[in-house]
Each structure stands twice: as C-alpha cells, then as structure tokens.
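# Here's a sequence, model it:
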Amino acid sequence: MTVTVHKDPEALTMTLTAEFEATPERVWDLWADPRKLERWWGPPAYPATVTAHELEPGGHVEYHMTGPQGDQSHGYWRIVEAQPPRRLVFEDGFATDDGTPNPGLPATTARVTIEPISDTRTRMSIESRFPTPEALEQLVAMGMEQGMTEAVGRIDAILAADTAAAR
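Below you'll find the predicted structure:
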C-alpha cells in the first residue's frame with residue numbers, strides 16, 4: 001500500500017490518501033468499531049485506547065495514546081457528519097487529562113472520504129483542515145504527518161488479519 005500526503009498551506013489543508021484491498025464497508029469498519037480503531041489510530045509506539053465512541057452526528061469519540069514510557073496524550077473527536085460507509089467529518093482535537101478540549105493546542109476538521117475504485121479496492125482520503133497557517137505549522141512540527149502516515153500504514157495488516165480470521 002502506498003500512502004501519500006499533500007500539504008496545501010494556502011488552503012490550510014493536509015490530505016492523506018491510501019488504497020486498500022477491501023470494500024468500502026470494511027474500510028469504514030476500521031472507524032466504526034472502536035476495537036479496530038485502537039489497532040491503527042496513532043503512531044505504532046503510542047497505541048490508542050478508545051474510552052467513548054459515538055460515531056453519529058452530534059456524537060463524540062474520546063481516546064488516549066500511551067507512549068513507551070507510560071506518558072499519555074488525550075484526544076477527542078466531535079462528530080459533524082457520518083454517512084456509512086462513505087464519509088465521516090469530525091473536529092479532531094487534543095484534550096486534557098480529564099477529557100476536556102485543550103485550549104493550548106489547535107483543533108482541526110477532518111474529512112474522511114471512502115470510495116470504491118474497483119470491485120476489490122477502496123481509496124480512503126483524510127483531509128485535515130487547519131484554522132490558521134500557524135496551526136498547520138505547529139501540528140506538522142509535532143509529527144502529525146509522520147504519525148498519520150505510520151498509523152494508516154498499519155491498516156493493510158489489520159485488514160489481512162481480519163480476512164484470515166473470517167476464514
């Protein structure tokens with residue numbers, strides 16, 4: 001699988017695109033099932049634990065990622081739009097230890113598009129829209145691009161393991 005990332009500072013976006021040997025429904029399930037989401041969301045060295053998961057308009061997702069030294073980073077999503085299995089839009093932000101939005105770090109708007117490109121292949125794109133050029137620079141400097149690339153890079157193995165388990 002190839003993961004590509006395109007940054008557009010003028011549009012304040014960063015778009016990650018990847019293709020998978022799977023149907024749109026199987027790719028959607030990676031977002032819709034919190035246990036599957038935990039298997040890929042975040043960089044490999046910082047596995048995610050999802051503590052709340054309401055993937056519907058007005059719903060929210062809460063999670064934390066635990067680093068190798070036991071340190072935790074908390075995050076949240078506020079779901080704006082959910083159209084299974086094709087589209088998901090959410091505010092993606094950092095949270096404090098108690099789960100409230102962290103005002104010291106910028107939030108983005110994530111737009112996930114899942115589209116079939118053949119009977120057996122699906123393209124997923126994740127567009128992150130930043131509130132300011134400074135927010136884009138700050139989050140990229142914090143490793144957002146690398147972290148997302150590594151996270152999405154794990155999806156093929158998850159899909160393959162799920163296929164093998166279903167046999």
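# In the top strand by length along the chain, which residues are buried?
Using DSSP state E, we find that the single longest strand of the chain is strand 72-83. For strand 72-83, the neighbour count (16 or more other CB atoms under 10 Å) marks Ser73, His74, Gly75, Tyr76, Trp77, Arg78, Ile79, Ala82 as buried. Bear in mind the C-beta positions are built from the backbone N, C-alpha and C, glycine included.
# contacts for whichever helix or strand comes after it?
Downstream of strand 72-83, the next assigned helix or strand under DSSP states H and E is strand 87-95. Strand 87-95 has contacts (CB atoms under 8 Å, 6 or more residues apart in numbering) with 31, 55, 61-62, 73-82, 101-102, 105-114, 128.
# Quick one: mean pLDDT over the strand or helix carrying Glu137.
Using DSSP H and E, Glu137 maps to helix 133-141. For helix 133-141, mean pLDDT is 97.
# Dig out what Ser125 forms beta bridges with.
Ser125 has the following beta-bridge partners by DSSP bridges: Thr17, Thr113.
# That one contacts Thr15, doesn't it?
Yes - shown here, Ser125 and Thr15 form a contact pair, counting by CB atoms under 8 Å, at 5.8 Å.
# give me the element Asp162 is part of.
helix 155-166.
# on contacts alone, who are the packing partners of that helix?
Helices and strands touching helix 155-166, by 3 or more CB pairs under 8 Å, 6 or more residues apart in numbering; DSSP states H and E, are strand 13-20, helix 24-32, helix 34-40.
# and that helix, which residues are buried?
Ile155, Asp156, Ile158, Leu159, Asp162.
# Kindly report the same for stretch 86-98.
Across stretch 86-98, burial judged by 16+ other CB under 10 Å covers Leu88, Val89, Phe90, Asp92, Gly93, Phe94, Ala95.
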